[in-house]
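*Asks:* sequence plus predicted model, see below.
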Amino acid sequence: MKTRIISCLLFLTCALTPFPVWGQEKEAKSLEEIPIRDPYILPDKTSQTYYLYASDDVKGSDGKTLGGLAVYESKNLKQWYGPKHIFTLPTDNWINGKIWAPEVHAYQGKYYLFATINSDIIWKKAAPGEVPYTFRGVQIFVADSPTGPFEPFSKLPALPMDQMTLDGTLWVEDGKPYMVYCHEWVQIRDGGMNLVELKPDLSGRNGEITRLFHASSAPWSTGSDPEHPERSTYVTDGCFLYQTKNKNLLMIWSSFMNGEYAIGIAKSSTGKITGPWIQQPEPLFDKNGGHGMIFRSFDGKLYITFHQPNDPAGLERAKLFELEDTGETLRLKNQ
């Protein structure tokens, strides 16, 4: 009888103790304790959990680095548990180097990972004292849950291999899925923001590529050499779409302003993804931070997260600010 009572007490204790999220055997971390670039937070309504995705490389059996993905979990945006490694690029993938800017989108009952994958393929020789420019491109993977397992649609990128591409993001308009992505400045000097319609299951392209704008079209984007614009290069990074309460379509994206990483806002003059896109003259944030994304918390608050500082390497952290949606534009509320 005593054994049975003890067993019952143990059962009740376990039942009444809040079930830990995986990784909770370690202490919770704040965002200030997590080194990360290009943060992306998925608020998953099904599990009422926030997922923070981060690049997480591993070593293959041959000693080479394979790109990977880790995730942190939170119930309140303050305490984060992890990281848990959830994805490694297949060894037979087209390229399998470091992953940049992972985004996971919930769409039609599935979860889609948009990942920028790097390689050691030299795109062009670097100037003296600089590292070589290597090829990168965007690939899409699919899973049944926010933590995978993620499977590729094919071994090849989702975008043309003659383009150096990065930072693909998903937008759905009139029932059609689109990818907006950055055409790398390394290839074209004045970085581009491009659009392509995707197949209904996101397995590939479903149309021609459209150029939405160049980085130099924003008055705040001063380029690499503001005093000599003809010699400047202009970066496009971190595109993300948001529709305001007045149905205005905005795009946040990142570039450089007087040498500092910054976030700007472009507005579609038609309210449609095809634009034309008009750049707002002043950036949303100009204090050496960027590559942002926007999400709404489970209690209805609107947030933006991005990394800051952009340099030096190793100091980057995910910053979280509440946003004000004015109907026409966005403003940081707690800057």
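*Replies:* Cool, got the structure.

*Asks:* now do Gln335, the pLDDT please.
*Replies:* Here the pLDDT value assigned to Gln335 is 67.

*Asks:* count the neighbours of Thr46 for me.
*Replies:* Per other Cβ atoms under 10 Å, the neighbour tally for Thr46 reads 9. The C-beta positions use only the backbone N, C-alpha and C, and glycine is treated the same way.

*Asks:* poorly predicted segments of the stretch 101-250 of the chain, please.
*Replies:* 129, 131 (pLDDT under 70).

*Asks:* in it, which spans are strands?
*Replies:* 110-124, 133-143, 151-152, 165-173, 176-183, 192-197, 210-214, 237-243, 249-257 (DSSP state E, counting those that start in this stretch).

*Asks:* give me the sheet partners of the fourth one and which way each runs.
*Replies:* The one in question is strand 165-173. The strands beside strand 165-173 in its sheet (DSSP bridges) come out as strand 176-183 (antiparallel).

*Asks:* tell me which residues of the partner strand are tucked away?
*Replies:* Neighbour-count burial for strand 176-183 flags Pro177, Tyr178, Met179, Val180, Tyr181, Cys182, His183 (criterion: 16 or more other Cβ atoms under 10 Å).

*Asks:* may I see these organised as CSV, with distance to Glu260 added?
*Replies:* Listed next are the buried residues of strand 176-183 as CSV, based on distance: Cβ to Cβ, whole Å:
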residue, distance to Glu260
Pro177, 34
Tyr178, 30
Met179, 28
Val180, 24
Tyr181, 24
Cys182, 19
His183, 23
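
*Asks:* contact partners for Glu33?
*Replies:* Residues in contact with Glu33 (Cβ atoms under 8 Å, 6 or more residues apart in numbering): none are found.

*Asks:* for Tyr50, give the beta-bridge partners.
*Replies:* Here Tyr50, judged by DSSP bridges, has bridge partners Pro43, Ser74.

*Asks:* so who does it touch?
*Replies:* Ile41, Leu42, Pro43, Asp44, Glu73, Ser74, Lys75, Leu77, Ser297.

*Asks:* nearest to Ile99, out of those residues: which one, please.
*Replies:* Leu42 (15.8 Å; Cβ to Cβ).

*Asks:* which residue is the nearest non-sequential neighbour of that closest one?
*Replies:* Of all residues not flanking Leu42 in the chain, Tyr51 sits nearest, at 4.5 Å (Cβ to Cβ, 6 or more residues apart in numbering).

*Asks:* before we move on, what about Gly271?
*Replies:* Leu249 (5.2 Å).

*Asks:* go on, Pro309?
*Replies:* Asn288 (4.7 Å).

*Asks:* residues touching that neighbour, list them.
*Replies:* Here Asn288 is in contact with Glu260, Tyr261, Ala262, Gln308, Pro309, Asn310, Asp311 (Cβ under 8 Å, 6+ apart).

*Asks:* what about 7 Å?
*Replies:* Glu260, Tyr261, Gln308, Pro309, Asn310 (Cβ atoms under 7 Å, 6 or more residues apart in numbering).

*Asks:* which ones among these are found in helices?
*Replies:* Among the contacts of Asn288, no member falls in helices (criterion: DSSP state H).
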